[in-house]
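Novice: Let's see this in three dimensions:
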Amino acid sequence: MIDLRSDTVTQPDQAMRAAMLDAPVGDDVYGDDPTVNTLEQTLASMTGKTAGLFLASGTQSNLCALLSHCQRGDEYIAGQDAHTYKYEAGGGAVLGGIQPQPVAFNAAGEIPLPDIARVVKPDDFHFAKTRLLCLENTVAGQAVSQDYMLKATKLARGFNLQCHLDGARLFNAAVKLDLDVKALAQPFDSVSICLSKGLGAPAGSVLVGSDELIAQARRWRKMLGGGMRQAGILAAAGLHALEHNVQTLKDDHKRARHLGTRLERLTGLKLTKPVDTNMVFLNVSQTQVTKLEAFLLGEGIKISTNRLVLHRDISDGDVEQVIAAFKRFSANDTLEND
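Specialist: Next up is the predicted model:
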């Protein structure tokens, strides 16, 4: 089965499974798991931070960051379609009493600087206290420019805000922008780094930041039920991914560009935006997505939206199979742009 629903569907390869099997472990709640400790120290060093914390998921990592930066009655600014705001079950509000202030992204995946300034609340007891700016460095497959990140975080500092980066696809952005992850992380007080998307680990994210922030996050992790015992088995997969799977992300980007170009040429489909990293967005209606989903499933291809996501388990041959399947579909059913 060729699965294009997300890069979260990646499977650990045999080398990663071997690393997991051989990982030295201990009780991580006591701080005794050497593999977890190595992963946390490795990513802290890579991002120029002083400490790291291994968590079960990106959602848990982002939530621990929100809870560590903000108090009840505080507010964080995020994009209207940002993961922290829209796709994490309202955890900051439900569990932390933290009010979100969503702002629309522009076409480049940025929260416009004037809009950030506009929504920061004055020091008035009628309002929540604006405490934190949350950004993502890939938005709907687009790598957000480092120039924007520097300007946005500088603006936030002018309002005495702290800054958190949801680095769900931090390494995709680093590969696309040809920048070191330390440079991408530098403007932020905390960064959440997911290991289970394009990097291919089965689970896990690492939150990095200052010693003080990570100490607070560690307490929140325990409260949220996120303390794991012999977690080195999972951390070993993350270490293997960092050593072996980062540079292969460029192959995912290349295959995504090829797929997008061929689909436009062969079927007359338009894309909603140029392919920038590992995602192809088809400009089709939901009705057409439903038809496509059913047809492609019969061809051994899984999709769920107009988003096609390339990842390390998709080969060049798989891409050609997808193109051929789209051609067969378009021969029998007109693909209309939305």
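
Novice: okay, CA-based contacts and neighbour counts for the rest of this
Specialist: Will do.

Novice: quick one: which helix or strand includes the nearest residue to G91 once chain neighbours are set aside?
Specialist: Closest residue to G91 apart from its sequence neighbours, by C-alpha to C-alpha, 6 or more residues apart in numbering: L63 at 6.5 Å. Taking DSSP states H and E as the criterion, L63 maps to helix 58-69.

Novice: So for that helix, mean pLDDT?
Specialist: Helix 58-69 carries an average pLDDT of 98.

Novice: next SSE after that helix?
Specialist: Next along from helix 58-69, by DSSP H and E: strand 74-79.

Novice: Adjacent strands (with direction) for that next one?
Specialist: Paired strands of strand 74-79, with direction, are strand 99-103 (parallel), strand 129-136 (parallel) (DSSP bridges).

Novice: can you tell me which of those strands comes nearest to D13?
Specialist: Proximity to D13 (C-alpha to C-alpha) singles out strand 129-136 among these, at 28.1 Å.

Novice: Can you get me the centre-to-centre distance for the helix or strand just after that closest one and its chain?
Specialist: For strand 129-136, the succeeding helix or strand toward the C-terminus, using DSSP H and E, is strand 138-139. Offset of strand 138-139 from its chain centre (C-alpha atoms, centre = their mean, to the nearest Å): 8 Å.

Novice: again with stretch 297-306
Specialist: Using C-alpha atoms, centre = their mean, the offset of stretch 297-306 from its chain centre is 22 Å.

Novice: Would you work out how far apart the start and end of it are?
Specialist: Across stretch 297-306, the terminal residues are separated by 14 Å (C-alpha to C-alpha, to the nearest Å).

Novice: Surely Q11 is in a helix?
Specialist: No - counting by DSSP: H, G, I helix; E, B strand; the rest coil, Q11 falls outside a helix, being coil.

Novice: Leaving out the residues flanking it, which one is nearest to N137?
Specialist: N137's closest residue in space is V144 (C-alpha to C-alpha, 6+ apart), at 5.0 Å.

Novice: which residues touch the one you found?
Specialist: 108-110, 136-138, 173 (C-alpha atoms under 8 Å, 6 or more residues apart in numbering).

Novice: And the strands in the stretch 101-250 of the chain, which stretches?
Specialist: 129-136, 138-139, 142-143, 162-167, 190-194, 205-209 (DSSP state E, counting those that start in this stretch).

Novice: low pLDDT regions in the chain?
Specialist: 333-338 (pLDDT under 70).

Novice: go again using 90 as the cut-off
Specialist: The model of the chain has pLDDT under 90 over residues 266-269, 330-338.

Novice: report the longest helix in it, please.
Specialist: Across the chain, the helix with the greatest residue count (assigned by DSSP state H) is helix 249-267.

Novice: List of residues touching it?
Specialist: Contacts for helix 249-267 (C-alpha under 8 Å, 6+ apart): 171-172, 175-176, 198-199, 269-271, 275-280, 309-312, 314, 316, 319, 323, 326-327, 330, 335.

Novice: got the buried residues for it?
Specialist: Using 16 or more other C-alpha atoms under 10 Å as the test for burial, helix 249-267 gives 249-263, 267.

Novice: Stretch 289-300 now?
Specialist: The neighbour-count check on stretch 289-300 (16+ other C-alpha under 10 Å) flags 289, 292-293, 295-296, 299 as buried.

Novice: now those residues in a markdown table, with distance to F188 and secondary structure?
Specialist: Formatted as a markdown table, the buried residues of stretch 289-300 follow (distance: C-alpha to C-alpha, whole Å; DSSP: H, G, I helix; E, B strand; the rest coil):
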| residue | distance to F188 | secondary structure |
| --- | --- | --- |
| V289 | 38 | helix |
| L292 | 41 | helix |
| E293 | 39 | helix |
| F295 | 44 | helix |
| L296 | 42 | helix |
| E299 | 44 | coil |
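
Novice: No further questions, thank you.
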